[in-house]
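Enquirer: coordinates for the following, if possible.
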Amino acid sequence: GPTHEEMFTLTVKDLYGSYKDLPLSIYQIQLKYRDEARPRAGLLRGREFVMKDSYSFDVDDAGLQASYDAHRAAYVKIFDRLGFDYVIVKATSGAMGGSASEEFLATAENGEDTYVRCTSCDYAANVEAATVRVPADADPAAAPALQVLDTPDTPTIDSLVTVMNGLGHVITAAQTLKNVVLQLRQPTGERSLLVVGLPGDREVDLKAVQANVFPAEVEPFDDFAKHPGLVKGYLGPQVLQGLGIRYLVDPRITRGSAWVTGANEPGRHAVNVVMGRDFEPDGVVPAAEVREGEACPRCGSPLSIDRGIEIGHVFQLGRKFADAFSLDVLGPEGKPVRVTMGSYGIGVSRAVAAIAEQSHDDKGLLWPRSVSPADVHVVGVGKGDHKPVAERLAAELESHGLRVLLDDRKTSPGVAFKDAELLGIPTTLVIGKSLDDGEVELRDRRTGDSRRLPLDGAVAAVVVEVRGAAVAGEREE
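Expert: Next up, the predicted model:
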């Protein structure tokens, strides 16, 4: 399955019946399958992947908040230990529903998620959930009267601005109201129209719209012939309510703001079209793309736009699934209490790919020691006693509890060293030419440092190196 809220809800309903059984958190690690329309980026976005998902069950919202905070803190510790450079961003809940949602994104230039982050404060959000600072509302009655103008051959925003400036109305694209017609397809197959209004200098962020109209799916629309009330290129919001078409506006379209927009007649536009006087939207949706340098909604400093890889997600589901399956427990007063839930996930296989994206150089991987496939890579190259010595040292290191990768192939030193760099085990012990001097070479893959060690003390030195690094990592947590 894609996720397992339903199965865990039914499991808890079957096994637990009292408030004394809660709070409860249960988890699994297993394969997931999601029918991605376009699988891409290898392990970063495949149809099948390994996921750790857990679910919390509480009797009230305060309990849910405590469970959510505990999972969030645990995820911070996990991703810190994995060595990620990551951000926690506000996100939309989408199919999961619920009141709150946050994503953990590993920073990566080729990440599949885009997020905004303030350059001064700690505000960060996925672009679908991002908000911007908008002007304050104004009194709609204070605006000048609506006026319709002849604007022939102006089906685009650029052509409209050119003609309006020629008529003496000096405007920019940001002062025009663009109205984009979309089609919504419900899970039942039923279709309806949706018009989204946003400043004319902006493009629609379809992912943001999709996230806010779920479970409906957003589809393109261009069949204006079937809807004569919608005049292509000259559509204004003034007629939408009468046509029974849902109209959502971007937050930048504030109450009392005046716009230049279509007059719903071919070759004509209207000026001073005021929200709250000439049209009323059915809701607000963050439909316009966020741009680099826009003002942070929290502190007003510029926003930056970056990309990342989603490695974890936490949701406050609330009672969506509990309501669907009537998940109740007997409360302290002997009456049924509806349970409230949280859902939390880590993409295990995706985390491996994300580590590779962040931890590599032009030679190969640079595994963080906490998740490296081995502690030590023992490479024996050369003739004579090199191979037997390498085997003996590898066995002694394993006897000290270390995980060892032994390269005992019959290959050239150049190939062996190149492969060691490609695999990226943090510590490499080379038994090579220096063995003639009674020494071996210890290499640190992440820093590139190397030093010679006496053969007799090599095992003890490697154990100290590996365990000391591990202890240092734990202290950093």
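Enquirer: from Lys363, how far off is Lys335?
Expert: 66 Å (CB to CB, to the nearest Å). Glycine gets a C-beta too; all of them are placed from N, C-alpha and C.
Enquirer: who has more neighbours, these two?
Expert: More neighbours surround Lys363 than the other of Lys335 and Lys363, with 14 against 8 (other CB atoms under 10 Å).
Enquirer: residues contacting the closest residue in space to that one that isn't next to it in sequence?
Expert: When the adjacent residues along the chain are set aside, Lys363 lies closest to Glu421, with 4.1 Å between them (CB to CB, 6 or more residues apart in numbering). By CB atoms under 8 Å, 6 or more residues apart in numbering, the contact set of Glu421 is Lys363, Gly364, Arg445.
Enquirer: need phi/psi at Glu421.
Expert: Glu421 has phi and psi values of phi -70, psi -40 when expressed as degrees, to the nearest 10.
Enquirer: next: Phe8.
Expert: When quoted as degrees, to the nearest 10, the phi and psi of Phe8 stand at phi -70, psi -30.
Enquirer: pLDDT weak spots in the stretch 51-200 of the chain?
Expert: 93-99 (pLDDT under 70).
Enquirer: returning to what we had before: tell me the pLDDT at the residue nearest to Lys363?
Expert: If you check Glu421, the pLDDT there is 95.
Enquirer: run the chain-centre distance for stretch 102-122.
Expert: Between the mean C-alpha location of stretch 102-122 and the chain-wide mean there is a distance of 8 Å, by CA atoms, centre = their mean, to the nearest Å.
Enquirer: before we move on, what about stretch 449-461?
Expert: Counting by CA atoms, centre = their mean, stretch 449-461 comes out at 44 Å from the chain centroid.
Enquirer: same thing with stretch 142-158?
Expert: From the chain centre to the centre of stretch 142-158 is a distance of 40 Å (CA atoms, centre = their mean).
Enquirer: need the contact partners of it.
Expert: With CB under 8 Å, 6+ apart as the test, stretch 142-158 has contacts from 159-160, 162-164, 167, 169, 173, 176, 178, 200-201, 232-234, 256, 258, 263, 265, 267-274, 277-278.
Enquirer: which of the residues you listed count as buried?
Expert: With burial judged by 16 or more other CB atoms under 10 Å, the buried subset of the contacts of stretch 142-158 is 160, 163-164, 169, 173, 176, 178, 200, 234, 256, 258, 263, 268-271, 273-274, 277-278.
Enquirer: buried ones in stretch 54-68, by neighbour count?
Expert: Of all the residues in stretch 54-68, those buried under the rule 16+ other CB under 10 Å are Ser54, Tyr55, Ser56, Phe57, Asp58, Val59, Asp60, Gly63, Leu64, Ser67, Tyr68.
Enquirer: most widely separated two among those?
Expert: Across those, no pair lies farther apart than Ser54 and Asp60, at 19.5 Å, counting by CB to CB.
Enquirer: state the mean pLDDT of stretch 258-277.
Expert: Taken as a whole, stretch 258-277 carries a mean pLDDT of 96.
Enquirer: in a strand, Asp306, correct?
Expert: Yes: applying DSSP: H, G, I helix; E, B strand; the rest coil, one finds Asp306 inside a strand.
Enquirer: and Gly380, bridged to which residues?
Expert: Legend: beta-bridge partners of Gly380 under DSSP bridges are Ile431.
Enquirer: quick one: contacts for the most centrally placed residue in the chain?
Expert: Here the mean C-alpha position of the chain is nearest to the C-alpha of Glu310 (CA atoms, centre = their mean), at a distance of 4.2 Å. The contact partners of Glu310, by CB under 8 Å, 6+ apart, come to Glu103, Phe104, Leu105, Glu112, Asp113, Gly347, Arg350.
Enquirer: 6 Å instead, please
Expert: Residues in contact with Glu310, defined by CB atoms under 6 Å, 6 or more residues apart in numbering, are Glu103, Leu105, Asp113.
Enquirer: and the gap between it and Arg47?
Expert: Here the distance between Glu310 and Arg47 works out to 16 Å (CB to CB).
Enquirer: how about the nearest residue to Gly432, chain neighbours excluded?
Expert: Ranked by CB to CB, 6+ apart and with sequence neighbours excluded, the top spatial neighbour of Gly432 is Val381, at 4.9 Å.
Enquirer: now, the contacts of Glu421 that are in strands?
Expert: Assignment to strands by DSSP state E places the following of the contacts of Glu421 there: Gly364.
Enquirer: which one of the contacts of Glu421 is nearest Ser343?
Expert: Set against Ser343, the nearest of the contacts of Glu421 by CB to CB is Gly364 (36.5 Å).
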